[in-house]
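Trainee: sequence-free structure coming up:
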């Protein structure tokens, strides 16, 4: 049994579309008022729950934070594709960190782009960017396949230093209708040290101060701060180890430790395998067949072309657990993780600043 969805909640996929609507002085899902300029800030890995838990270290951002639903799977590739296109994973087709690509194999959706995974064809929804949009991100991502898949149509401005990116976004907002600022630093520190680490907290404080400066420099712009997903710290004693003997039908593995997707030799066995795994894993995971997951609506409307990219069985970690099929899996070195359906992962902040700040 999967956890209940939040079908009526505002979603990450609404953010960019609503910003574009506000610049066009049209109605939008998030009710943003009409503005001439808008700035969208994505703080990778900063969930609403983590922001509230560390509110004393984010005194500018935390008081204004309201929960927004990221979408499933709670992983960067899927979430940023939803932000950029306004579509769910079942439509745009980026369905995991590692995903099954029919006729090709398992491919990482952030890095493994090439002739056998064309960005324009594999990411199936047209990005919302248009003339007058700017993207400010790290310079190294400028020519990546993932950038082509979700950011095509916007002017790309690359800066590697965090403070330089924030300054560049402020400058871009003077000449662009909508500016998108991407901050990946917090996510990296969460993976390596956890969301309770000194380094993570220190970086949150730095980002809080920089975004206060951004808002002060752009008082008439509408500013929406959000994130792609939240994060759960997974201690080593919560690592659940499985092997091929536990799933004799196993023919391939995708996803990530908190959001595993299993390909079976016989897809017709999915219901039986899911039931067996659910009994074996107990309260450490929600286990569902592909049919159950699709029927739940977690992926939104799933287009027929996207179905073959999904695993036959999903293992979605609960609590602070993560699930591994290899004792030597390098991912066991990560502390902060995501990919499942807990509120810690699904809920991200929506922080309205500048012209959209409440009570202005």
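Mentor: Looks like it arrived, so ask away. Quick caveat: nothing in here was measured; it's all calculated off a predicted structure. Numbering: from 1, shown residues only.
Trainee: gap between the residue of the chain positioned farthest from its centre and residue 280?
Mentor: In the chain, the residue that sits farthest from the middle, by C-alpha atoms, centre = their mean, is residue 245; the gap is 32.2 Å. To residue 280, residue 245 is 11 Å away according to C-beta to C-beta, to the nearest Å. Any C-beta I mention is one placed from the backbone N, CA and C, and that applies to glycine too.
Trainee: now swap in residue 317 and tell me
Mentor: 14 Å.
Trainee: With residue 27 instead?
Mentor: From residue 27 across to residue 280, the span is 49 Å (C-beta to C-beta).
Trainee: Who has more neighbours out of the two?
Mentor: More neighbours surround residue 280 than the other of residue 27 and residue 280, with 14 against 11 (other C-beta atoms under 10 Å).
Trainee: sec struct for that one, please.
Mentor: With DSSP: H, G, I helix; E, B strand; the rest coil as the basis, residue 280 sits in helix.
Trainee: Apart from its neighbours in sequence, what residue is nearest it?
Mentor: residue 246 (6.9 Å; C-beta to C-beta, 6 or more residues apart in numbering).
Trainee: what's the burial count for the one you found?
Mentor: That count, for residue 246 with other C-beta under 10 Å as the rule, works out to 14.
Trainee: Tell me if I'm right that it and residue 287 touch.
Mentor: No. Contact criterion C-beta atoms under 8 Å: residue 246 and residue 287 do not qualify, at 11.9 Å.
Trainee: So for those two, which residues contact both of them?
Mentor: Common neighbours of residue 246 and residue 287, using C-beta atoms under 8 Å, 6 or more residues apart in numbering, are residue 277.
Trainee: Could you verify that the residue farthest from the centre of the chain is part of a helix?
Mentor: Yes. Counting by three-state DSSP, residue 245 is located in a helix.
Trainee: and it, how far is that from residue 293?
Mentor: Residue 245 is 25 Å from residue 293, by C-beta to C-beta.
Trainee: swap in residue 1?
Mentor: In this view, residue 1 and residue 293 are 12 Å apart by C-beta to C-beta.
Trainee: Tell me the confidence at the closest residue to residue 339 other than its chain neighbours?
Mentor: Distances taken as C-beta to C-beta, 6+ apart put residue 259 closest to residue 339, at 3.0 Å, once the chain neighbours are dropped. At residue 259, the model reports a pLDDT of 99.
Trainee: before we move on, what about residue 1?
Mentor: On the pLDDT scale, residue 1 gets 80.
Trainee: I figured it hits residue 283, correct?
Mentor: No. The pair residue 1 / residue 283 is not scored as a contact, 11.7 Å apart, by C-beta under 8 Å.
Trainee: can you list the domain ranges for the protein.
Mentor: Domain assignment for the chain by automatic domain parsing gives 12-232+341-354, 236-337.
Trainee: Which residue ranges of the stretch 51-200 of the chain form strands?
Mentor: Counting by DSSP state E, counting those that start in this stretch, residue ranges of the strands within the stretch 51-200 of the chain are 65-69, 98-101, 105-108, 133-137, 155-158, 178-183.
Trainee: what's the closest of those to residue 343?
Mentor: Set against residue 343 and scored by C-beta to C-beta, the strands of the stretch 51-200 of the chain come closest in strand 65-69, at 8.3 Å.
Trainee: Now do the closest one: which elements does it pack against?
Mentor: In terms of contacts (3 or more C-beta pairs under 8 Å, 6 or more residues apart in numbering; DSSP states H and E), strand 65-69 is packed against helix 48-53, strand 347-354.
Trainee: out of these, deepest packed?
Mentor: strand 347-354 (a mean of 25; mean count of other C-beta atoms under 10 Å).
Trainee: Tell me the strands beside it, with direction?
Mentor: strand 65-69 (antiparallel), strand 222-226 (antiparallel) (DSSP bridges).
Trainee: Please state the offset of it from the chain centre?
Mentor: 15 Å (C-alpha atoms, centre = their mean, to the nearest Å).
Trainee: Can you find the helix or strand in the protein with the smallest mean pLDDT?
Mentor: helix 119-122 (a mean of 94; mean pLDDT, DSSP states H and E).
Trainee: Same list (the helices and strands packed on strand 65-69) but as a markdown table, adding mean pLDDT and distance to residue 334.
Mentor: Putting the helices and strands packed on strand 65-69 into a markdown table (pLDDT from 0 to 100; distance: least, C-beta to C-beta, whole Å) gives the following:
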| stretch | mean pLDDT | distance to residue 334 |
| --- | --- | --- |
| helix 48-53 | 98 | 16 |
| strand 347-354 | 99 | 19 |
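Trainee: Nearest approach to residue 120 belongs to which of these?
Mentor: strand 347-354 (27.4 Å).
Trainee: So which residues make contact with the closest one?
Mentor: 10, 12, 15, 30, 32, 39, 46-49, 51, 61, 64-70, 211, 214-215, 218-230, 358.
Trainee: Filter the residues you listed down to the buried ones.
Mentor: In those, burial by neighbour count holds for 10, 12, 15, 30, 32, 39, 46-49, 51, 61, 64-65, 67-70, 211, 214-215, 218, 221-230, counting by 16 or more other C-beta atoms under 10 Å.
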